[in-house]
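> Got a sequence here, can you build the structure:
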Amino acid sequence: MGRTPDPLPFDPIDEAARQWALRWEGVPQMHAVTSLMRVQQLVLAGLDETLKPHGLTFARYEALVLLTFTRAGSLPLGKMGRRLQVHPTSVTSIVDRLERAGHVRRRPHPDDGRTVLAEITPEGRAVVEAATADLVAADFGLGAMAVEDLARLSEILRPVRAAAGDF
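Coordinates of the predicted model:
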């Protein structure tokens, strides 16, 4: 991983909230969303760094894991997009890259000639196992948090996801 910059002598999000409060309302919401977005940047960068030796990004890893979880090891691209909650063009790009790496192959749907399936290959299964071991060893980038706090965080965020229609 690259060199970590020297930490600031103050929390920039706290300072932004202080400045925000001088002008506008919604300080708790602004502070929370800014913190959430910064943590998302940090965690995603760490996950991508962990997955880089496997030739994966987190988005590609998620697609492989999704295929691993299926009975047949394959899904229609449209269903992958819905399950991963990404735009169809993103799924196409992810599958293109995974296919070039030999981790998935496209094949026609046996019952619907208009549908294309993405199917995980043995190489894809092997890379999922190795990458998952590395992510688990790295605590998915959340090693600074206690396990009970991780469970609380998931529950705290659940209403936001539900309100957005995730489930």
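> tally of neighbours for residue 145?
The local packing of residue 145 (other Cβ atoms under 10 Å) involves 14 other residues. C-beta coordinates here come from the backbone N, C-alpha and C atoms, glycine included.
> quick one: low-confidence parts of this structure?
For the chain, the stretches with pLDDT under 70 are 1-3.
> Where do the helices of it begin and end?
Along the chain, the segments classed as helices by DSSP state H run 12-21, 27-51, 58-69, 77-84, 88-100, 122-137, 147-163.
> Comparing those, which comes out most buried?
Of all the helices of the chain, helix 58-69 carries the top mean neighbour count, a mean of 20, counting by mean count of other Cβ atoms under 10 Å.
> elements contacting that helix?
Secondary-structure packing of helix 58-69 (3 or more Cβ pairs under 8 Å, 6 or more residues apart in numbering; DSSP states H and E): helix 27-51, strand 74-76, helix 77-84, helix 88-100, strand 104-108, strand 116-120, helix 122-137.
> right, and these - which one's nearest residue 146?
helix 27-51 (15.4 Å; Cβ to Cβ).
> which secondary structure elements does that closest one contact?
Taking 3+ Cβ pairs under 8 Å, 6+ apart as contact, the helices and strands that helix 27-51 lies on are helix 12-21, helix 58-69, helix 122-137.
> Mind listing residues that contact the last one?
Helix 122-137 is contacted by residues 47, 50-51, 53-56, 61, 64-65, 67-68, 73, 98, 101-104, 120 when judged by Cβ atoms under 8 Å, 6 or more residues apart in numbering.
> mind checking how far that helix is from the chain centre?
Distance of helix 122-137 from its chain centroid, counting by Cα atoms, centre = their mean, to the nearest Å, is 15 Å.
> ditto for the first one
Averaging C-alpha positions (Cα atoms, centre = their mean) puts helix 12-21 28 Å from its chain's average.
> can you list contacts of that helix?
Contact partners of helix 12-21, identified using Cβ under 8 Å, 6+ apart, comprise 26-27, 30-31, 34-35, 38.
> again with stretch 149-162
In contact with stretch 149-162 (Cβ under 8 Å, 6+ apart) are residues 142, 145, 167.
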